[in-house]
Structure formats: structure tokens, C-alpha cells
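Asker: Return atomic coordinates for the entry below.
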Amino acid sequence: MAGGNGLRALPASRRRVTSAGGVVLRERAGGKGLEVLLIAIKDGRVWSLPKGQVEPGERYYQTALREVREETGIEAKVLAPLGSIRYHFTVRDDGIQTTVTKEVHHFLMSYVAGKPRPQQEEVDAVAWFPVPEALKRLSHQNERDAVLRALAQWETKAPVGAQS
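Answerer: Numbers count the residues shown, from 1 in each chain. So this is what the prediction gives:
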């Protein structure tokens, strides 16, 4: 019995997940600033950066490129690492309350080719947004921070003409 209130504690477990993804940027048509590629998940309620789990034998940048391509249909190239974020959430796995620690390695990426096409099994929508709108749409502050880090590095890593 937990705390003498008559309730039994649920079985609990912990799990670690490592993912990688990208902040994909491109110049807006007519040279009117930058756009950021975002995905919508959870029936369109959550806007996020494309990312996914690292597969055995993959380096983080390889995962980021693969996940961007799979989730969005966009080909990109890696310009620089942006560091990682770590967060925790709780899920139920077969009735067991599980605390998941997720670490996501982000990379600054530039658009190469392709049209946005959501991965049917995982993504509800894919779209390019001007930076100010992308920052408003992103559902999580840690991803807004990743976009801000990407913008700070963009000029030094992607001189004019180098993003395609």
C-alpha cells in the first residue's frame, strides 16, 4: 500500500530512447527570408521538427537525414550539429507505467530537393513556414530553441548560394 491511502502503486519501468532530426531551412521565394520545415503529429495538434529513432549502426547525422526524408519527402544536407535536448514523458506499456527519457540530436540542414509529403503512418502534415510563424507554431520550447540555434549558425555555415 502506498502512503496508507489504500491505493496500490502501479508497476513502473524506465526506458531510454535516442533520436535525431533536423532543422531544415531554405530561402523563401524572392529572397524574402528563410523558411523552416515542420511536421504535424497527433491529429495535427502538435507541430514539431522532423526526427526519429537512431537505428543500429547509424550515426546521428545519418538518422537525421533519413528521418527528414522519410517523414517529409524532402532531401536535405547536414551543415552543422546543433547539440541535443533531453526530456522525459510517461507512457503505459502493457499496463506498466514507463518513464521514457528521450534524447534528440538536432542538426542544421539545408533544403536540397523534393516537395513536402507526409509519411502516412506517422505524420499528419508537412509544410514550410516563414521563421516567425514556425517559431509560433512549434509546440515545444526546446524545439523553438533548436531553431534559434540553427538560425544563429545559418550565416556562417550556409553562405548565399550554398543552400541548394
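
Asker: Can I get the helix ranked longest in the chain in PDB, CA atoms only?
Answerer: For the chain, the longest helix by residue count, based on DSSP state H, is helix 141-157. In PDB, the C-alpha atoms belonging to helix 141-157 read as follows (Å, rounded to 0.1, in the frame of the first residue of the first chain):
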ATOM      1  CA  GLN A 141      10.100  25.400 -26.400                       C
ATOM      2  CA  ASN A 142      13.100  23.100 -26.700                       C
ATOM      3  CA  GLU A 143      12.400  22.800 -30.400                       C
ATOM      4  CA  ARG A 144      12.000  26.600 -30.800                       C
ATOM      5  CA  ASP A 145      15.400  26.900 -29.100                       C
ATOM      6  CA  ALA A 146      16.900  24.400 -31.700                       C
ATOM      7  CA  VAL A 147      15.500  26.600 -34.500                       C
ATOM      8  CA  LEU A 148      17.100  29.700 -32.900                       C
ATOM      9  CA  ARG A 149      20.400  27.900 -32.600                       C
ATOM     10  CA  ALA A 150      20.100  26.900 -36.300                       C
ATOM     11  CA  LEU A 151      19.400  30.500 -37.300                       C
ATOM     12  CA  ALA A 152      22.500  31.700 -35.400                       C
ATOM     13  CA  GLN A 153      24.700  29.300 -37.400                       C
ATOM     14  CA  TRP A 154      23.000  29.700 -40.800                       C
ATOM     15  CA  GLU A 155      25.000  32.600 -42.000                       C
ATOM     16  CA  THR A 156      28.400  31.000 -41.100                       C
ATOM     17  CA  LYS A 157      27.500  27.600 -42.400                       C
END
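
Asker: contacting residues around it?
Answerer: For helix 141-157, the external contacting residues (C-beta atoms under 8 Å, 6 or more residues apart in numbering) are 23, 25, 34, 36, 48-49, 79-80, 82-83, 85, 87, 106, 108, 131, 134-135, 138. All C-beta atoms are positioned from the backbone trio N, CA, C, and that covers glycine.

Asker: Also stretch 57-65?
Answerer: 19-22, 51-55, 66, 76-78, 81, 105-107, 109.

Asker: If any of those are buried, put those into a ChimeraX selection.
Answerer: The buried subset of the contacts of stretch 57-65, as determined by 16 or more other C-beta atoms under 10 Å, is captured in ChimeraX by this line:
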select :19,20,21,22,51,52,54,66,76,77,78,81,105,106,107,109
